[in-house]
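> predicted model follows, preceded by the sequence.
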2 protein chains.
Amino acid sequence: MNSFAYRVVAAVALAAAALAVAAQTNNRDEAKKPLAIASQGAFFVGGETKRSSTPPPAVPGANAAPAPPDDITVNQMYVQYQVPVNAAQHVPVVMVHGCCLSSMTWETTPDGRMGWSEYFVRKNRPVYLADQASRARSGFDATIINAVKQGAAPPSQLPNVLMAGHQTSWAVFRFGATYGSPFPDGQFPIQAVDELYKQMIPDFNSVLPSPNPTWKDMAALAVQLHGAVLMGHSESGFYPEEAAMIDPTGVRGIISIEMGCTTTLKPEQLSTLAKIPILIMFGDHLADVEGRFGTIWPANFDSCQKFVDQVTAAGGDAEMMSLPKMGIKGNSHMLMQDKNNLQLADLILAWIDQHVEGKKTHHH
Amino acid sequence: MNSFAYRVVAAVALAAAALAVAAQTNNRDEAKKPLAIASQGAFFVGGETKRSSTPPPAVPGANAAPAPPDDITVNQMYVQYQVPVNAAQHVPVVMVHGCCLSSMTWETTPDGRMGWSEYFVRKNRPVYLADQASRARSGFDATIINAVKQGAAPPSQLPNVLMAGHQTSWAVFRFGATYGSPFPDGQFPIQAVDELYKQMIPDFNSVLPSPNPTWKDMAALAVQLHGAVLMGHSESGFYPEEAAMIDPTGVRGIISIEMGCTTTLKPEQLSTLAKIPILIMFGDHLADVEGRFGTIWPANFDSCQKFVDQVTAAGGDAEMMSLPKMGIKGNSHMLMQDKNNLQLADLILAWIDQHVEGKKTHHH
């Protein structure tokens, strides 16, 4: 890094640190204020009807007559939203969680602090939390499980159910080099890690058709909202890009957090993405985890840097925000839950203001 | 019914109808006002750690080395809450959904109206929505599915996954005598039934240990809240009673909606329940569904009437609220989503005011 670049980075880091202190102070005060909600609720996007080929087991209390065929709805995406009273000036933000998680990702942190969903609402953004199709309140197609139990299909047809247990989560989420030994400067609230483990739920994405219906559902939601910023994390980190490549109409901005990027897009796909502001964010300690997950994060980062370069070469506005390079140290994979989560939220909000909503901001 | 009792019932029905018209008018106005939230968020109750005996499939991007054993957390109950600004005078209400559903049950109705969760908050009640252990954002133990796929366990060990498809839901939820033909006076917003079908998700309660951890979790939540009204529906309709029989300390009141009741409780169990006000609510058309589910609801109602009589005989305050007997006609099993859902909420709120909070009310 040359001397000028170094001074710029150092100045940005100092400014970010000063902002962080101010923000955390403000945030504590803000969190005590009542939250004024103009509207809230939940709804579904997408979903198709299919005949459940294997009758479900008898419902308790039903007559003994054999169950007739049943139709089920699958691939729908559950969305829960809050619109604050002063939202008129701002583009809605859609947040989509990662592997083996639900929208709990964005709510209260494991140690009981405010998460990004409420914080964005307090910053006057309409927020839409989506449980991925096939997860949590979106449900999934369990037909094959009953079919195998009843002998109508072989066990090999069962899905691979992804479950990230404690040891796997510790390594993949970069809480420390080895299980049980947190990084000394780690930002994850490690004393509350057991509360994170309760958030880890089975991931049935392997039963989904291809392409993943969540991509289409996210694109449709953005249209329905007359424009939205799509945010993904980890497994879903590249979903905003996938959604935009299906239908860019409603996608006003993309925020991709801590994931692998596709670097083999066609020129017309890159051309589509070059029309949408894109922010990619990575935390710290990418190369510091030992064992079988040790090479994932450097490779993911490199793929995303290459993707950013490709979008930039296509004339786009794509930014790689590496937190440690900005002087923000110790962030884990779960940076929306890290101790400095609201500082990071402020960076994202400022990016939206400038790159999506076209506002001039004093700290850029 | 004798003449005096008839006149009382008729008077109550007329009063209820008048209140309903007034309430629906007020509700429309209220729904437009901003909602003032003192605090909101999500957390878990309960949960145990177990060794996942079958390693999960490889995480994409991991090295090829065999996966080490992983620990997982199971049986936890996800809870999402809102506390309104003027809640100080009121006991919190915990709402737990039924079979093959999630907490979406209590949110926006299928046709887009306000659900009970927001309405209760607007009536100054702290509201806690719990996804049952083993459902939705609470997750479930999927270890056996991977074990069977990998040949480490026989298919017979797979759980019976309950799935209520369109035809089953139509009958069990009493939308009409036969599939596709709604009751002429039905209160369910049948034009939006496809949106209800999207709420139906696989029910893995059969993988849970016995007794169901949700009962213990509900009792623990009530203690944590320093007292709460527990509300259950359908599959979970009797869970508040089960929770109170495990630990009645925090259970200030019980609301059981549309379920079967246990009529073989021991005297000491009835004695415990006799110290807690209990409201049981049933809708209409219990005996009007044809086919294999035709006998469920009359039998459920009879079991609950018998349970009410047993609690009353033990000195308790248990009330059977049969809506059609009060002149409120056409309610389905999903009465929190029916067109008159806020009228029914007002009945429950008035019951809580009087029986749990000890307030005098002018319409009782």
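Structure's in. What do you need?

> when you work out contacts or count neighbours from here on, use the C-alpha atoms and nothing else.
Will do.

> next, count neighbours for residue A:154.
Neighbourhood size, residue A:154 [other Cα atoms under 10 Å in any protein chain shown]: 15.

> separation between the nearest residue in space to it that is not next to it in sequence and residue B:148?
The shortest distance from residue A:154 to any non-neighbouring residue, by Cα to Cα, 6 or more residues apart in numbering or on different chains, is to residue A:148 (5.8 Å). To residue B:148, residue A:148 is 9 Å away according to Cα to Cα, to the nearest Å.

> any residues in contact with both of these two?
A:155, B:155 (Cα atoms under 8 Å, 6 or more residues apart in numbering or on different chains).

> isn't the residue nearest to residue A:154 up against residue A:158?
Yes - with contact defined as Cα atoms under 8 Å, residue A:148 reaches residue A:158; the gap is 7.4 Å.

> residue A:109 and residue A:337 touch, don't they?
Yes - counting by Cα under 8 Å, residue A:109 touches residue A:337, with 5.1 Å between them.

> pretty sure residue A:304 contacts residue A:261?
Yes - using Cα under 8 Å, residue A:304 is in contact with residue A:261, at 4.9 Å.

> sorry, back to before: tally of neighbours for the residue nearest to residue A:154?
22.

> list the buried residues for the helix or strand containing it?
Here residue A:148 is covered by helix A:143-149, with elements defined by DSSP states H and E. Applying a neighbour-count criterion of 16 or more other Cα atoms under 10 Å in any protein chain shown, one finds A:143-149 buried in helix A:143-149.

> just give the closest residue to the residue in the stretch 101-250 of chain A that chain B sits nearest to, not the sequence neighbours.
For the stretch 101-250 of chain A and chain B, the shortest gap (Cα to the nearest Cα) falls at residue A:136, measuring 3.7 Å. In space, and not counting its chain neighbours, residue A:136 is closest to residue B:136: 3.7 Å by Cα to Cα, 6+ apart.

> what's the answer for residue A:40, then?
Distance criterion Cα to Cα, 6+ apart; nearest residue to residue A:40, sequence neighbours excluded, is residue A:82 at 4.3 Å.

> residues contacting the one you found?
A:37-41, A:121, A:126-128.

> circling back to that earlier point, pLDDT added to the buried residues of helix A:143-149, as a markdown table?
Shown next, in a markdown table, are the buried residues of helix A:143-149 (pLDDT from 0 to 100):
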| residue | pLDDT |
| --- | --- |
| A:143 | 92 |
| A:144 | 94 |
| A:145 | 95 |
| A:146 | 92 |
| A:147 | 92 |
| A:148 | 95 |
| A:149 | 94 |
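
> where does the prediction get shaky in chain A?
Of all residues in chain A, those with pLDDT under 70 make up the ranges A:1-31, A:53-67, A:360-364.

> now do the helices in the stretch 51-200 of chain A.
Remark: helices assigned in the stretch 51-200 of chain A by DSSP state H, counting those that start in this stretch are A:116-122, A:143-149, A:166-172, A:193-197.

> out of those, nearest to residue A:206?
helix A:143-149 (11.9 Å; Cα to Cα).

> now the closest one, how far from the chain's geometric center?
Relative to its parent chain, helix A:143-149 has a centroid offset of 31 Å by Cα atoms, centre = their mean, to the nearest Å.

> that older thread, find residues that contact each of residue A:109 and residue A:337.
Shared contacts of residue A:109 and residue A:337, counting by Cα under 8 Å, 6+ apart, come down to residue A:115.

> which other residues reach stretch A:192-209?
A:75, A:99-102, A:104-105, A:110-111, A:133-136, A:140-141, A:159-166, B:44, B:47, B:72-74, B:76, B:137-142.

> buried among these? Make that a ChimeraX selection.
Here is the ChimeraX command that selects the buried residues among the contacts of stretch A:192-209 (16+ other Cα under 10 Å):
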select /A:75,99,100,101,102,104,105,110,111,133,134,135,136,140,141,159,160,161,162,163,164,165,166 /B:44,47,72,73,74,76,137,138,139,140,141,142
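
> out of the contacts of stretch A:192-209, list just those in strands.
In this view, those that belong to strands under DSSP state E are B:44, B:72-74.

> check contacts around the residue nearest to residue A:175 when sequence neighbours are not counted.
With Cα to Cα, 6+ apart as the criterion, residue A:175 has its nearest non-adjacent residue at 5.4 Å, and that residue is residue A:182. Residue A:182 is in contact with A:175-176, A:190, counting by Cα under 8 Å, 6+ apart.

> looking at the ones in strands among the contacts of stretch A:192-209, which is nearest residue B:284?
residue B:44 (35.4 Å).

> give me the number of residues near residue A:89?
As a burial measure, residue A:89 scores 9 neighbours (other Cα under 10 Å).

> how far away is it from chain B?
According to Cα to the nearest Cα, to the nearest Å, residue A:89 stands 17 Å off from chain B.

> what helix or strand is residue A:330 located in?
For residue A:330, there is no host helix or strand (DSSP H and E).

> which residues sit in contact with the closest residue to it other than its chain neighbours?
Distances taken as Cα to Cα, 6+ apart place residue A:186 nearest to residue A:330, at 4.4 Å, with adjacent residues excluded. Residues near residue A:186 by Cα under 8 Å, 6+ apart: A:175-176, A:329-332.
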